[in-house]
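J.: Structure of the sequence below:
(2 chains)
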Protein chains: 2
Amino acid sequence: MNEQVVLGIDIGGTNTVYGLITKKGEVIHHESIPTRGSLPILDLLKRLDFKVNEVLSSFSEIGELVGIGIGAPNGNHFTGMIQDPPNLSWGNVDVIRLFSERFNCKVDLTNDANAAALGEKHFGIAKDMEDFVVITLGTGLGSGIFCGGRLLYGHDGFAGEMGHICIEVDGRLCNCGNKGCLEAYASAGGIRKTIKNLLLENPESAFLKSLNGEKVDGLLLDAEFDDGNEIAKEIYNYTGTKLGQGLAQVATLLSPEAFIFYGGFSNAGHRLLEPAKKSMDRHLINNHADQIKLLASGLPQGQAGILGAASLIWSS
Amino acid sequence: MNEQVVLGIDIGGTNTVYGLITKKGEVIHHESIPTRGSLPILDLLKRLDFKVNEVLSSFSEIGELVGIGIGAPNGNHFTGMIQDPPNLSWGNVDVIRLFSERFNCKVDLTNDANAAALGEKHFGIAKDMEDFVVITLGTGLGSGIFCGGRLLYGHDGFAGEMGHICIEVDGRLCNCGNKGCLEAYASAGGIRKTIKNLLLENPESAFLKSLNGEKVDGLLLDAEFDDGNEIAKEIYNYTGTKLGQGLAQVATLLSPEAFIFYGGFSNAGHRLLEPAKKSMDRHLINNHADQIKLLASGLPQGQAGILGAASLIWSS
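T.: Model prediction:
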C-alpha cells in the first residue's frame, strides 16, 4: 500500500525507542536499542540510520519517510538542540541539523515529557482535551503541559519542569541542587530516599532492606501493598500525599481537566493515585476540589514517546 | 471625527472604573464610581448606563459604541458569569446577559487580573511578549497569565490563581481557608499579618503600632524604608523573599519572559522586587536563574483593567 510514515524517536538515558508511524498513529514497527550515552551521539545516529534503512527496505507496505520527530531529555523545540542532558555525555548537540543531514528529511525535536503529552493528545486518552498535564514517572518526574489545545513551551522552550517545583521549603536535596523539589519525593528516585529514611527508623525491617537496592523493585512493593504490608502502605501514602501537594500547585495555576500518568513507576496505579487525589483536593481552593481527574495513560507502555514525537511532524 | 469606542469596565470590591477606549487604546474619558457591592448589581448597571449615555452625548468626537468589555473579581470568560465574588453580595450573576440586554451591544467578560494582563499585552509593556505573567498586588494577589501569546484560562476558566499556590506547608491561614498561600504573605493583607507578627516580638515599636491599622500605610512604610528603618527593611525583605518563592514556582512551570507588577501595593517597586528577584533566582533550576525579568506595569495606575477589558472586544 506504500503508506507514508514518520520516524518517531524517544531518546532515554538508558534505551532509545524508535518506531515507524502512520498518520493515523499505527505503529508499523518499533524497537528499543541501547542509547550508549557515554559515546558521542554520532554512534546512536549511525545505528539508528542502519536499523531504519533495514526496516524501510524490508516492509513492503511502507512508502516514503516524510520526517523524523524526536523526543529527548532537555530537547529544546525552539533551538533544535539537546542541551546538556542528564545521564548522557553529549553536552549541547544540534540534533535537528545532525539528523536532517543524515536522513535528508524534515526533523523536529521536543523534550521527552512533551513528546508523551503530544502522544496522549493525538493518539491517546487526551484526544478531546484542551488543557491537561502528562506526568512521566520514572527515575525522575517530568511533565508535558497542554494549555488551550497547545503544548506549553514558555519563552525559551523550557516550561513544564514540574518535577522541580518546591513542595517543601528546605526539604530534601534534589539532583538539581535545590531543596524540596517534587521529584525528590514523587519518583522512583524519591521513593528510594523515602525507603532510606524509613530504614533509619526501622533498621531491622527485612522488607525495607530488600527494597533498598540500586533500583526499587516496584512489583515487590505493589505486591506487599496488596497484601496489607503497613510499611508498603506508608511508602505509597507518603509519596502520594507529596505528589498531591505538587498537583495542587499546578492545578491552582493551570486548572487542567486531568493529570495523566505515564512511565514505569505509574504502574503503581491506584496505590499511588488515591492518596495523591485526596491530598490534591485538600490543598485546592474550593471551586477546584474534586474537579480534576487523575488518569492512567491510554497508550501502550513505551509508545507515548514515539507516537508523540511522530506527531510533531504529522501535526505540523 | 466620530471614532468607534469600546466601553471598558473594571469592577472592583470598592470602586468600579469605566472608560471609553478607541481601537488604538486611547482613553477618551474615564471615571471611577463606587461599586456599592452590598446592593444588587442592577444598581451598578443603572448608574453605569446613565453615566455612559451622558458621556456619549457630550463628547462630539465619539461615534458608535461597538461593545463592552468587563473585568471583574471571579469573572468567568467561559460562562459569562461573575461567580460568588469576594466582598460583593451578588452571588452568581449572568453579567453578559444583563449588560447586553441593557446596552444592546456585544459584551465580553474576564476576571480582573486577566483584564490587567490583556491591557499590558495590547497597550502596555508586554506588547512584544508571548509568555508573561501580570501580578496584581492589592489587598490580595491576583494573576493573569499569557502562554504562547494567549491568555491562559484552563479547562473551566479558573486558571491563574497564583495567589493560592502554597509556598509554605501548614503556613499562614489564608482567606480562602487553606494554609500557606502566597497571598497570605505577599499582598497588602499579607503585610498586615507580617506587621501583627512583628508586633508580638516588638510590642513597644511606635513605628509598627502606627502601621497596624485597618489599611497599611504604604507611603509611610516606603518613606521609613528609604530612611533606613530596620523594621521597614525587614518587612519588605521578608515579603519579597516569600514573593520570590512563589515566582520561582510559577517560573519553573511556565518559563515566562517576565513578571509584571500592577496595583497599589506594587508602588513599593525596588524595595519589594529586589529581594523578590534574589529569592526567585535562588529557588530556580540553573538554566532559568537570572533569565526572568521583574517589571513594573507600563500603564497608568487604574487603567490596565479598563484597557484590557476593552481589548476583549477590540481583539475579538
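J.: The helix ranked longest in chain A packs against which elements?
T.: What stands out as the longest helix in chain A, according to DSSP state H, is helix A:230-254. Here helix A:230-254 is seen to pack against strand A:141-147, helix A:188-201, helix A:206-211, helix A:218-226, strand A:258-262, helix A:270-283, helix B:230-254 when contacts are counted using 3 or more CB pairs under 8 Å, 6 or more residues apart in numbering or on different chains; DSSP states H and E. The way it works is simple: take the backbone N, C-alpha and C, and place the C-beta from them, glycine included.
J.: Just say which of these is most tucked in.
T.: strand A:141-147 (a mean of 27; mean count of other CB atoms under 10 Å in any protein chain shown).
J.: So is that one next to chain B?
T.: Yes: contact of strand A:141-147 with chain B is found when judged by CB under 8 Å from any CB of the partner chain, involving A:145, A:147.
J.: Only alpha carbons, please: show that strand as CSV.
T.: Taking only C-alpha atoms (Å, rounded to 0.1, in the frame of the first residue of the first chain), the coordinates of strand A:141-147 have been written out as CSV:
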residue,chain,number,x,y,z
LEU,A,141,9.4,13.3,37.3
GLY,A,142,8.8,15.0,34.0
SER,A,143,5.8,16.9,32.7
GLY,A,144,4.3,18.0,29.4
ILE,A,145,1.6,20.6,29.6
PHE,A,146,-1.2,21.4,27.2
CYS,A,147,-2.9,24.8,27.6
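J.: Report the strands that pair with that strand, each with its relative direction.
T.: Strand A:141-147 has these partner strands in its sheet, going by DSSP bridges: strand A:132-137 (antiparallel), strand A:150-151 (antiparallel).
J.: what inclination does that strand have with respect to helix A:230-254?
T.: For strand A:141-147 and helix A:230-254, the angle between their directions (axes from the mean of the first three to the mean of the last three CA atoms, to 10 degrees) works out to 30 degrees.
J.: Residue A:282 contacts residue A:247, correct?
T.: No: the pair residue A:282 / residue A:247 is not scored as a contact, 10.9 Å apart, by CB atoms under 8 Å.
J.: and residue A:95, how many neighbours does it have?
T.: When neighbours are defined as other CB atoms under 10 Å in any protein chain shown, residue A:95 has 25 of them.
J.: Repeat that for the one 5 residues further on.
T.: Using other CB under 10 Å, the number of residues around residue A:100 comes to 17.
J.: Could you look up the next helix or strand downstream of the helix or strand encompassing it?
T.: Residue A:100 is part of helix A:95-103 when elements are defined by DSSP states H and E. Helices and strands here follow DSSP H and E; after helix A:95-103, the next one along the chain is strand A:106-111.
J.: Can you give the strand pairings for that next one, parallel or anti for each?
T.: In the sheet, strand A:106-111 lines up with strand A:62-72 (parallel) (DSSP bridges).
J.: tell me what the helix or strand following the strand it pairs with is packed against?
T.: As assigned by DSSP H and E, the chain's next helix or strand after strand A:62-72 is strand A:81-83. When contacts are defined as 3+ CB pairs under 8 Å, 6+ apart, strand A:81-83 packs onto strand A:92-94, helix A:95-103.
J.: circling back: helices and strands around the helix holding residue A:100, which ones?
T.: Identification of packing neighbours for helix A:95-103 by 3+ CB pairs under 8 Å, 6+ apart yields helix A:41-58, strand A:62-72, strand A:81-83, strand A:106-111.
J.: that older thread, as JSON lines, the helices and strands packed on helix A:230-254 with mean pLDDT would be great.
T.: Rendered in JSON lines, the data for these read as follows (pLDDT from 0 to 100):
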{"stretch": "strand A:141-147", "mean pLDDT": "96"}
{"stretch": "helix A:188-201", "mean pLDDT": "95"}
{"stretch": "helix A:206-211", "mean pLDDT": "93"}
{"stretch": "helix A:218-226", "mean pLDDT": "95"}
{"stretch": "strand A:258-262", "mean pLDDT": "96"}
{"stretch": "helix A:270-283", "mean pLDDT": "96"}
{"stretch": "helix B:230-254", "mean pLDDT": "97"}
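J.: Can you tell me what sits against stretch A:34-52?
T.: Residues outside stretch A:34-52 that contact it (CB atoms under 8 Å, 6 or more residues apart in numbering or on different chains) are A:7, A:9, A:11-16, A:18, A:20, A:31, A:33, A:65, A:82, A:85, A:87-90, A:93, A:95, A:98-99, A:102-103.
J.: Just want the residue of the stretch 101-250 of chain A that's nearest chain B.
T.: Using CB to the nearest CB, the closest approach of the stretch 101-250 of chain A to chain B is made by residue A:154 at 2.6 Å.
J.: Can you report how many residues neighbour the closest residue to that residue other than its chain neighbours?
T.: If you skip the residues right next to it in sequence, residue A:154 has residue B:255 as its closest partner in space, 2.6 Å away by CB to CB, 6 or more residues apart in numbering or on different chains. For residue B:255, the neighbour count with other CB under 10 Å is 24.
J.: so what's residue B:255 up against?
T.: Residues in contact with residue B:255, defined by CB under 8 Å, 6+ apart, are A:153-161, B:131, B:288, B:292.
J.: could I get those residues as JSON lines with distance to residue A:203 and secondary structure?
T.: JSON lines is the format used below for the contacts of residue B:255 (distance: CB to CB, whole Å; DSSP: H, G, I helix; E, B strand; the rest coil):
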{"residue": "A:153", "distance to residue A:203": "47", "secondary structure": "coil"}
{"residue": "A:154", "distance to residue A:203": "45", "secondary structure": "coil"}
{"residue": "A:155", "distance to residue A:203": "49", "secondary structure": "coil"}
{"residue": "A:156", "distance to residue A:203": "46", "secondary structure": "coil"}
{"residue": "A:157", "distance to residue A:203": "46", "secondary structure": "coil"}
{"residue": "A:158", "distance to residue A:203": "41", "secondary structure": "coil"}
{"residue": "A:159", "distance to residue A:203": "43", "secondary structure": "coil"}
{"residue": "A:160", "distance to residue A:203": "39", "secondary structure": "coil"}
{"residue": "A:161", "distance to residue A:203": "36", "secondary structure": "coil"}
{"residue": "B:131", "distance to residue A:203": "49", "secondary structure": "coil"}
{"residue": "B:288", "distance to residue A:203": "40", "secondary structure": "helix"}
{"residue": "B:292", "distance to residue A:203": "45", "secondary structure": "coil"}
